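>>> this is the structure alone, sequence omitted:
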């Protein structure tokens, strides 16, 4: 995940309502499907040595995600990746599919838990891919009989930006994925929004994350009262300030406008224009 997100925004944006697929009585029936082979299947080795490095940039994620990261076909950059994660002696599956189910049970990733296809198979490793439009957007390599870990289990995994995953999945998560002028979904590393977390009592608020800048909607003043905003939230703005421009970003009937200094996010709705101020750094609830 990206570094530098304020605590509450990270908590809100990563709250995903995903049910695990690795049930005690075996993997779900639709975890692995026959599918259609991609136009350009991954032809590299299934075992690629990994390096545990600091950071979460594309190079670091590729270093830690081995063959899974190299099997991706992202429109943008790799979004997430994990390396070998041990399972106990009693956890390993009897089949590769059970090893894939173990991946979801152990790591609970922010990924669909159904619809994976065997892309490559070897004696001791299998590459599973989740394809969207014939391109691999998530990949998991399961391996057999690793040191002190008998049976099948997850070795490496990787995924593209959530905006490249099926809308049928992301619509069930806490992520609100915007579109650009061309109608295409915008990477969450560029822009995303989410409702405030309930455990903070901030569900009436809304957060807009643009990387190094996070803005907030606060109609009931829960953030204002806690002193977390750099300026007042305004639910109705008469006129947009001089120099404000339409970014082209849309989420349902919301349209995002900014000024060159980006001090405030102006969100045009069906009812008028709202001014969302910047959040103070390192915002979090107790």
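Great, that's in hand. These numbers come from a predicted model, not from an experiment.

>>> only C-alpha atoms for contact and neighbour calcs from this point on.
Will do.

>>> which element is encountered next along the chain beyond the helix or strand containing residue 97?
Following DSSP states H and E, one finds residue 97 within helix 96-107. Moving toward the C-terminus from helix 96-107, the next helix or strand (DSSP H and E) is strand 117-121.

>>> tilt between the helix or strand just after that next one and helix 96-107?
Downstream of strand 117-121, the next assigned helix or strand under DSSP H and E is strand 125-132. Computed with axes from the mean of the first three to the mean of the last three C-alpha atoms, to 10 degrees, the direction of strand 125-132 lies at 70 degrees from that of helix 96-107.

>>> list the buried residues of strand 125-132.
The neighbour-count check on strand 125-132 (16 or more other C-alpha atoms under 10 Å) flags 125-131 as buried.

>>> still on that earlier bit, state the mean pLDDT of the helix holding residue 97.
Confidence for helix 96-107, expressed as mean pLDDT, is 94.

>>> same question, stretch 130-137
For stretch 130-137, mean pLDDT is 94.

>>> now do the strands in the chain.
Taking DSSP state E to define them, one finds strands in the chain at 22-23, 26-27, 78-82, 117-121, 125-132, 135-146, 149-160, 192-195, 206-209, 214-217, 245-251, 254-258, 264-269, 272-277.

>>> if you count neighbours, what's buried in the fourth one?
Applying a neighbour-count criterion of 16+ other C-alpha under 10 Å, the buried positions in strand 117-121 are 117-120.

>>> before we move on, back to that, what packs against the helix holding residue 97?
With contacts taken as 3 or more C-alpha pairs under 8 Å, 6 or more residues apart in numbering; DSSP states H and E, helix 96-107 sits against strand 22-23, strand 26-27, strand 135-146, strand 149-160.

>>> could you dump the ones you listed to CSV with mean neighbour count?
Output for the helices and strands packed on helix 96-107, formatted as CSV (neighbours: other C-alpha atoms under 10 Å):
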stretch, mean neighbour count
strand 22-23, 18
strand 26-27, 18
strand 135-146, 25
strand 149-160, 26
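
>>> can I get the ones you listed in CSV including distance to residue 171?
Below are the helices and strands packed on helix 96-107 laid out as CSV (distance: least, C-alpha to C-alpha, whole Å):
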stretch, distance to residue 171
strand 22-23, 22
strand 26-27, 24
strand 135-146, 17
strand 149-160, 17
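
>>> can you flag the weakest of the ones you listed by average pLDDT?
In terms of mean pLDDT, the lowest-scoring of the helices and strands packed on helix 96-107 is strand 22-23 (a mean of 38).

>>> residues of the lengthiest helix in the chain that come out buried?
Ranked by residue count under DSSP state H, the longest helix found in the chain is helix 58-71. By neighbour count on 16+ other C-alpha under 10 Å, the buried set for helix 58-71 is 60-71.

>>> for that helix, name the packing helices and strands.
Counting by 3+ C-alpha pairs under 8 Å, 6+ apart, helix 58-71 packs on strand 78-82, strand 135-146, strand 149-160.

>>> pull the contacting residues for the closest residue to residue 78 other than its chain neighbours.
The spatially closest residue to residue 78, leaving aside those adjacent along the chain, is residue 160, at 4.9 Å (C-alpha to C-alpha, 6 or more residues apart in numbering). By C-alpha atoms under 8 Å, 6 or more residues apart in numbering, the contact list for residue 160 reads 72-74, 76-80, 137-138.

>>> picking that back up, what's the closest of the helices and strands packed on helix 58-71 to residue 201?
When those are compared by C-alpha to C-alpha, strand 78-82 sits nearest residue 201, at 29.3 Å.

>>> residues in contact with the residue lying farthest from the centre of the chain?
What lies farthest from the middle of the chain is residue 238; by C-alpha atoms, centre = their mean that is 35.9 Å. Residues near residue 238 by C-alpha under 8 Å, 6+ apart: residue 273.

>>> give me the pLDDT for residue 13.
Listed pLDDT for residue 13 reads 38.

>>> I'd assumed residue 47 was in contact with residue 66.
Yes: using C-alpha atoms under 8 Å, residue 66 makes contact with residue 47 at a distance of 7.1 Å.

>>> just give me the closest of the buried residues of strand 125-132 to residue 152.
Using C-alpha to C-alpha, those come closest to residue 152 at residue 125, 8.6 Å.

>>> brilliant, that's me finished.
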